[in-house]
Every structure is written in structure tokens, then in C-alpha cells.
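Student: Predicted structure and sequence below. I'll ask about it afterward.
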Amino acid sequence: MHFIELKEINSTNFYSSELIKNKIINQETIVFAYKQTDGKGLGNNKWLSEPFKNILMSIITFLEIRVTDFFKLNLIVSLAVIEYLKLFGVKAKIKWPNDIYVNNQKICGILIENNISGNFISSSIIGIGLNVNQVYFDESIPNPVSLKIITGIDYNIKEQIKVLGEIVLQKIKQNKNAAFEILKNEYLKVLFLYNEYTEFQDNSNKFKGKIIDIENNGHIVIEKFEGDVSKYFFKEVKFL
């Protein structure tokens with residue numbers, strides 16, 4: 001496994017994308033930085049992080065998996081982060097599609113960007129931002145938490161990046177050919193608010209419903225309180 005350590009960068013995902021585009025690397029690589037000036041989240045969201053306090057990393061893989069299986073990678077990576085947090089006695093949940101929560105607080109965000117060639121994903125960039133030693137957060141972040149807040153312990157960031165990176169890559173190797181249904185069942189066991197009524201908002205209105213399924217294309221399936229069932233893709237519905 002190849003490591004690239006950076007003191008400061010705009011975004012580890014952007015840096016990784018440039019490495020792939022310019023054909024500088026062709027092997028599994030972990031890019032990590034101690035400071036990001038323009039961290040990326042899902043859509044137009046930003047990932048804010050205090051310098052030198054947290055895990056800011058991108059894992060570059062060359063998997064050659066089918067485009068139709070793209071959401072499997074999201075399941076695998078999310079489950080790997082859950083496994084990593086268990087090392088510290090932390091029971092976490094996956095908030096669809098790409099956040100990791102401890103109770104009702106966000107500890108980690110995941111952003112996966114794929115490069116496609118024909119019917120296959122030729123390479124993937126798995127961006128992970130995980131709060132480790134930070135205890136004070138920007139007021140614009142609504143519900144953050146970190147390992148230090150939970151455990152009271154300070155961690156070596158570089159060491160934890162290597163531990164998490166190895167767990168993610170091992171999980172990918174073990175499960176890249178696994179059936180979607182097998183991975184989905186594991187995912188649903190730790191899915192935040194699965195089969196529990198809560199408030200949502202889609203493009204038209206607020207409603208009460210519960211998550212009843214996840215499809216292999218990434219759609220979330222929600223049964224509304226009145227009994228209707230709807231499917232949503234990323235950013236089409238939000239939790240209230």
C-alpha cells in the first residue's frame with residue numbers, strides 16, 4: 001500500500017483525482033492531509049475540520065467493478081468505518097447515504113467518486129473525514145462529535161489513518177464480489193432510524209415515514225405513515 005502524506009491541501013479527493021487523471025499512480029494509495037482548505041462533502045457541501053486534529057484521507061482503488069454495482073462500495077466502506085469505531089468501543093450507525101453517527105451526532109462523512117470506463121468503474125476515490133481529536137466545532141456544524149469527546153483520549157492521527165485505511169481496503173477485498181443482498185442485510189442492521197418513524201422532507205412537502213429498504217442503485221425506500229411507499233435518490237429527501 002502506498003501512502004502520500006500532505007501537510008495542507010485543498011481537498012484530498014481533488015488531489016487524488018489529479019493523480020489518476022495524470023496517470024501518476026496505478027496502485028492502491030492512501031492520500032492524507034493534516035489540513036484541508038476546501039474539503040468536499042456530498043453535492044455542494046463542505047467538510048470543515050480543525051487542522052492536525054482529524055482523519056482527512058482519500059483511498060484510491062482500482063477495482064474494475066460494474067457500474068451497476070456502484071452502491072456496493074458505499075455499503076462496504078460504511079461498514080468498514082463502523083468496524084473501525086468498534087475498536088474503541090464506539091457503537092455507530094450509518095445515516096443514509098454517507099454519514100456515520102454515534103447516537104444523534106455525526107462523527108464521520110464519506111464521499112466516493114468513481115471514474116467510469118465503459119460498463120465498469122475503473123477507479124474509485126474514497127474520501128473519509130472522521131472527527132478524532134477535535135472538541136470545539138464551528139457553529140455552522142449542527143451536531144458533531146469526535147472520538148476524543150466520546151472516549152476522552154487523544155489519538156495519533158497518522159497511526160489512525162493507517163489503521164482505518166487498512167480496514168477499509170481489507171473490507172473491500174473481502175466483499176467486492178459479495179452479493180448485494182448479503183451486504184445490504186449487514187447495512188440495514190446498523191442503518192440509522194431503520195424501520196422507525198421519523199420526519200422527512202422531499203421536494204414537495206414534509207411527511208412522517210420509515211425507511212424499509214435500500215436498493216442496489218442507492219435509492220432509499222420509505223413507507224409513509226399513510227401507507228404509501230416512495231423511493232428517493234441522494235439529495236431528493238432529507239431527515240428533519
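Tutor: Alright, I've got the coordinates. Numbers count the residues shown, from 1 in each chain.

Student: Tell me how this structure divides into domains.
Tutor: Following automatic domain parsing, one finds the domains of the chain at 2-189, 198-239.

Student: now the last one, how far from the chain's geometric center?
Tutor: Its chain's C-alpha centre lies 20 Å from the corresponding centre of domain 198-239 when counted by Cα atoms, centre = their mean, to the nearest Å.

Student: mean confidence for it?
Tutor: If you average the pLDDT over domain 198-239, you get 94.

Student: Next: stretch 135-147.
Tutor: 90.

Student: Can you check which strand is longest in the protein?
Tutor: Determined from DSSP state E, the single longest strand within the chain is strand 105-117.

Student: Check which helices and strands that one sits against.
Tutor: In this structure, strand 105-117 packs against helix 12-21, helix 70-86, strand 99-102, strand 120-130, with contacts taken as 3 or more Cβ pairs under 8 Å, 6 or more residues apart in numbering; DSSP states H and E. Just so you know, the C-beta spots here come from the backbone N, C-alpha and C atoms, and that holds for glycine as well.

Student: ok, back up a step: possible to save the domains of the chain as a markdown table with mean neighbour count?
Tutor: Listed next are the domains of the chain as a markdown table, based on neighbours: other Cβ atoms under 10 Å:
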| stretch | mean neighbour count |
| --- | --- |
| domain 2-189 | 17 |
| domain 198-239 | 14 |
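
Student: who does residue 65 bridge with?
Tutor: Beta-bridge pairing of residue 65 under DSSP bridges involves residue 121.

Student: Return the distance of it relative to residue 87.
Tutor: Using Cβ to Cβ, to the nearest Å, residue 65 is found at 27 Å from residue 87.

Student: likewise residue 33?
Tutor: For residue 33, the distance to residue 87 - Cβ to Cβ - is 23 Å.

Student: What of residue 169?
Tutor: 16 Å.

Student: Same question for residue 154.
Tutor: For residue 154 relative to residue 87 (Cβ to Cβ), the value is 16 Å.

Student: Double-check that residue 50 belongs to a strand.
Tutor: No: using DSSP: H, G, I helix; E, B strand; the rest coil, the assignment for residue 50 is coil, not a strand.
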